[in-house]
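S.K.: Build me a model:
(one chain, ligands or ions: 1)
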Amino acid sequence: MKKRTSKKKTVTSQKIQVVKSLKTTLHGGHALRTGKEVVDRSLLGKSPDKSQKISLGKKKPNQYTGHTFKNKSERFRLDGHKLLHHLDRVLDWQRNKRIAPIHIDMGLTKFCNMGCVYCMGVAQGMVKGALIKRDALMRFIDDCGRLKVRSIAFIGDGEPTLNPAMYDAVVRAKKRNIDVGIATNGLLLRMDRAHDLLKNATFIRFNLSAGDKKGFARIHQVSEKSFDVLIDKIRNFAKIKKENNYKCTLGIQMILLPENFDQVLKLAKLGVKLGVDYFQIKQCSDTEYGEIGVDHAAYKKAQGILKKAEKYSNDSYLVRVKWSKININEETQLYKNGFRKYDICYGTPFLGQVSGNGKVYPCGPFFGKERFCMGDIHKKSYYGIVQSAKYWKVHKDIAENIDVHCDCTVGCRQDYINKFLWDIKNPPEHINFI
Ligand code: SF4
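M.R.: Predicted coordinates:
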C-alpha cells in the first residue's frame, strides 16, 4: 500500500487536528464514503511527540499521551454500596452457601444522652440503662473474627459511648482483623482514649445536625453549652489525628429535616474549620408506620442549599449529599410512596444487625419484633447463632414473606445492596453479550 504524507491537518468532519508527525494512508480495501485520507494507525504511539501533549478540552483521538484523569476518584462511597468488592461472598451466596455477614451494624446500648427530634431509636424502644455487657461484647468480637466478618460499625440504636466497654471493643476488633467504625453524638467521648480510637478505628462519625448553638439545642434537645463541648472534642480529635498521622477518617453526619434546613451551610463551613474529612447530609429515615412523620416531598425545597453546601468540598474535605435517598420522592413512579425497584430483600445475610440489648436481627427496622429475633449474644455465642437453624429460618422468612413495598421503611440500610442482589438474581436474557 502506498503511503503518503498528509498535507492537510483536518481529517474528519469534526475538524479534529491530526498531529503533524502522523502520516495518513490511502485505504487499501475500498473507498471511504467521504473519500477522505485515513490516519496510519500503525505509527501511533511509536514516536511520542511531547510537544503535542493533549490538553483538556482539546482532545485528539488515539494519541496515547497518557491518562487525563478527568473523573475525580470517589474517596468514600457515601451514597452507594461496596458489595462489588466482596464478590467471593456474593458467589458463595449464589451457590446457596450459608455465608457470614460481611458487615454488621451494632448498637452497644439502648439509651441516649440526647433527644434528637429525628431519633429512630425511640420508635425501636429505648430502655434506660440497657446495654451489651462487656463479656458478651468481647465474645461477639472474637466470634466475628472466627466467622470472617470484615467490618463492624457501632452505629445504633442507642449512643455507643454510654457503653464503657466500647473503647476496648474497638481495640479488640482491630486485633481480630476486623475494621471498625463508630457513629456517636460525641458529647461523652473520652479524650483519654482518643489515641486508642484514632489508632484502631477506620472511621469516627459525629452525628451533628446543627451548625450553631441555638440550632443544636433545638434539634438535639440538649443545652446550648453542650454545642461548645462537642465542637471542642471534634476539633481535638482532628488535631490528634493530624499530629500522629492516624488514618482514621473523621466525619460529620447531618440528618436533614425541614427544621434544620437553615443549618446546612453553617455545618458545611464548620466542617472545614474543624478539620474533618467529610460532611455527609442524609435524609431522615422513618418507620414503616411513619411515626417520625418525615415529609420526603419537603426535601425539594432544600435542593438549592444542598448544592451550595457541596461546593465547600476541597481536596481534603468532602461535602456529600445522599442524593439517591434525599430524592427518593423524585424518582420514577416505581420508587414513589415507598415502592422499591426490587421485590425481595436478599441483603440481610450480607449485612447483619445487632440491637443495643444484644439481640440479633436481620435488619434495624425489625428490632423488637420477636418473630425476627435470631438470638441474644448474652445467651448464645454469635458464632452459634449464625450457625443455627433459627438464624437461617429468619432470613428465609424475610425473603419469602416480607413485602418490601409496604412492610419496610423507605430507603433502609440494605436498600443499595438489595438493588444489586436483585439484578444478580434476575438476570436479563443474552447475558453473555456484556
Ligand atoms: S428491605 Fe425490609 S426486610 Fe430488608 S432490610 Fe430493609 S427493612 Fe429490613
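
S.K.: contacts, neighbours, all on C-alpha from now
M.R.: Fine.

S.K.: So His220 sits against Cys112, correct?
M.R.: No: between His220 and Cys112 there is no contact under Cα atoms under 8 Å: 11.0 Å.

S.K.: At the contact with the ligand, which residues of the chain appear?
M.R.: 345, 348, 363, 365, 398, 404, 408-409, 412, 414 (Cα under 6 Å from any ligand atom).

S.K.: switch the cut-off to 5 Å
M.R.: 345, 363, 408, 412, 414 (Cα under 5 Å from any ligand atom).

S.K.: can I get those in a markdown table with distance to Asn432?
M.R.: Shown next, in a markdown table, are the residues of the chain next to the ligand (distance: Cα to Cα, whole Å):
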| residue | distance to Asn432 |
| --- | --- |
| Cys345 | 26 |
| Cys363 | 35 |
| Cys408 | 35 |
| Cys412 | 32 |
| Gln414 | 28 |
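
S.K.: which one of those residues sits closest to Leu230?
M.R.: Of all the residues of the chain next to the ligand, Cys412 has the smallest distance to Leu230: 28.3 Å, by Cα to Cα.

S.K.: SS state for that closest one?
M.R.: Under DSSP: H, G, I helix; E, B strand; the rest coil, Cys412 falls in the coil class.

S.K.: so what's the residue in the stretch 1-150 of the chain positioned nearest to the ligand up against?
M.R.: Nearest residue of the stretch 1-150 of the chain to the ligand, counting by Cα to the nearest ligand atom: Asp105, 11.8 Å away. Asp105 sits next to 152-156, 351-354 when contact means Cα atoms under 8 Å, 6 or more residues apart in numbering.

S.K.: ok so, going back, for His220 and Cys112, list the residues in contact with both.
M.R.: By Cα under 8 Å, 6+ apart, His220 and Cys112 have no common neighbours.

S.K.: Just the buried residues of the contacts of Asp105.
M.R.: 152-156, 351-354 (16 or more other Cα atoms under 10 Å).

S.K.: could you dump the residues you listed to JSON lines with pLDDT, distance to Ile231 and secondary structure?
M.R.: JSON lines is the format used below for these (pLDDT from 0 to 100; distance: Cα to Cα, whole Å; DSSP: H, G, I helix; E, B strand; the rest coil):
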{"residue": "Ile152", "pLDDT": "98", "distance to Ile231": "26", "secondary structure": "strand"}
{"residue": "Ala153", "pLDDT": "98", "distance to Ile231": "23", "secondary structure": "strand"}
{"residue": "Phe154", "pLDDT": "98", "distance to Ile231": "21", "secondary structure": "strand"}
{"residue": "Ile155", "pLDDT": "92", "distance to Ile231": "20", "secondary structure": "coil"}
{"residue": "Gly156", "pLDDT": "79", "distance to Ile231": "21", "secondary structure": "coil"}
{"residue": "Leu351", "pLDDT": "97", "distance to Ile231": "32", "secondary structure": "strand"}
{"residue": "Gly352", "pLDDT": "96", "distance to Ile231": "32", "secondary structure": "strand"}
{"residue": "Gln353", "pLDDT": "96", "distance to Ile231": "30", "secondary structure": "strand"}
{"residue": "Val354", "pLDDT": "97", "distance to Ile231": "30", "secondary structure": "strand"}
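
S.K.: and the residues you listed, which two are the farthest apart?
M.R.: Spatial extent of the buried ones among the contacts of Asp105 (Cα to Cα) is set by the pair Gly156 and Leu351 at 14.2 Å.

S.K.: what sits against the residue most central in space within the chain?
M.R.: In the chain, the C-alpha nearest the mean C-alpha coordinate belongs to Leu78, at 3.3 Å (Cα atoms, centre = their mean). Contact analysis of Leu78 by Cα under 8 Å, 6+ apart lists 280, 320, 322.

S.K.: ok, now Thr161?
M.R.: When contacts are counted by Cα under 8 Å, 6+ apart, Thr161 is found next to 184, 186, 188-189.

S.K.: With respect to the ligand, which of the residues you listed is nearest?
M.R.: Thr184 (22.2 Å).

S.K.: Many thanks, I have nothing further to ask.
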